[in-house]
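Q: Prediction below, plus the sequence it came from.
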Amino acid sequence: MPFGDKTVSAICMCLPQMGLVSAGVTAAKAITLFKPKLVVMTGVCAGRRGDCKLGDAIGANLSWDYGSGKFTEVEGEVVFEPAPFHAAASARVVGVLTELSNDKALLDELYRKSPGYRPEAVPTFHVAPLASGAAVQNHKEFFSGVVTQQRKMLGVDMEAFAVAWACHEALEPQPHWLVIKSVVDFADGTKDSKIQAFGSYISGALAVAAIERLLSR
């Protein structure tokens, strides 16, 4: 695969199903077999209403499993006490994500070139924590609860942390991980299926731009 004056060997993989287990096992097998320098995941996620809009992209600088913890009883009520492990993206990856988030010309260009349906406004690219969980969330109280684990959390999905943790736990040399996902709902029961294709496009296009910048360093 040509990237400017460089040629990159790339392997594309499709998960057999959604979720943390599938993503973690698939990523771990790929890392063991192919020993990549970089593991990239794109796709869609849910975002915090009011802090992002449909079609925006999130480049993850931190990820964790928001369902990790303990259920206990306090004064007759069941209470969840979170105790997650965190995986942080490398400084090199976060630096490139931050550059892209400030590249308004690139975002304008990708927006204009997007095929089919597109949102009314050019998307914003956020660099922020992205949490993962095993179940699809689709009720309005969800974000108000899980955001207490990390006040800057902007999105949730079902796979990012598993990919990040597979890289974190890999044998040396450990690969960098890069996760970019686009907001297609707010995990509050509302849906707009038209945004799905645009979300897949913009997350993939931004990932390609990130890889190009990583290669130039």
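A: Yep, it's here.

Q: how about low-confidence regions in the chain?
A: Low-confidence segments of the chain (pLDDT under 70): 1-4, 135-145, 147.

Q: mind listing the helices for it?
A: Shown for the chain, the helices assigned by DSSP state H span residues 20-34, 91-101, 104-113, 142-146, 160-168, 195-215.

Q: which stretch among these comes nearest Ala128?
A: Ala128 lies closest to helix 91-101 among the helices of the chain, at 9.5 Å (C-beta to C-beta). From N, CA and C alone the C-beta is placed, and that goes for glycine too.

Q: picking up where we left off before, of all the helices of the chain, which one comes closest to Asp51?
A: Using C-beta to C-beta, the nearest of those to Asp51 is helix 142-146, at 9.3 Å.

Q: Buried by neighbour count: which residues of stretch 126-136 qualify?
A: Under the neighbour-count criterion of 16 or more other C-beta atoms under 10 Å, stretch 126-136 has His126, Val127, Ala128, Pro129, Leu130, Ala131, Ser132, Gly133 buried.

Q: List just the nearest of those residues to Leu97.
A: Val127 (4.7 Å).

Q: Now do the contacts for Gly133.
A: Contact partners of Gly133, counting by C-beta atoms under 8 Å, 6 or more residues apart in numbering, are Leu20, Asp65, Tyr66, Gly67, Val146, Val156, Met158.

Q: got a winner among the residues you listed for most neighbours?
A: Val156 (26 neighbours; other C-beta atoms under 10 Å).

Q: Name the nearest residue to Ala30, ignoring sequence neighbours.
A: Of all residues not flanking Ala30 in the chain, Met13 sits nearest, at 5.9 Å (C-beta to C-beta, 6 or more residues apart in numbering).

Q: and that neighbour, how many residues sit next to it?
A: 12.

Q: How about Lys191?
A: 12.

Q: who touches it in this structure?
A: Applying C-beta under 8 Å, 6+ apart to Lys191 gives the contacts Asp185.

Q: Same list (the buried residues of stretch 126-136) but as a markdown table, adding distance to Leu110.
A: As requested, those are exported to a markdown table (distance: C-beta to C-beta, whole Å):
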| residue | distance to Leu110 |
| --- | --- |
| His126 | 15 |
| Val127 | 17 |
| Ala128 | 19 |
| Pro129 | 23 |
| Leu130 | 20 |
| Ala131 | 26 |
| Ser132 | 25 |
| Gly133 | 29 |
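
Q: Pick out whichever of the residues you listed sits closest to Ile195.
A: The nearest member of the buried residues of stretch 126-136 to Ile195, counting by C-beta to C-beta, is His126 at 16.1 Å.
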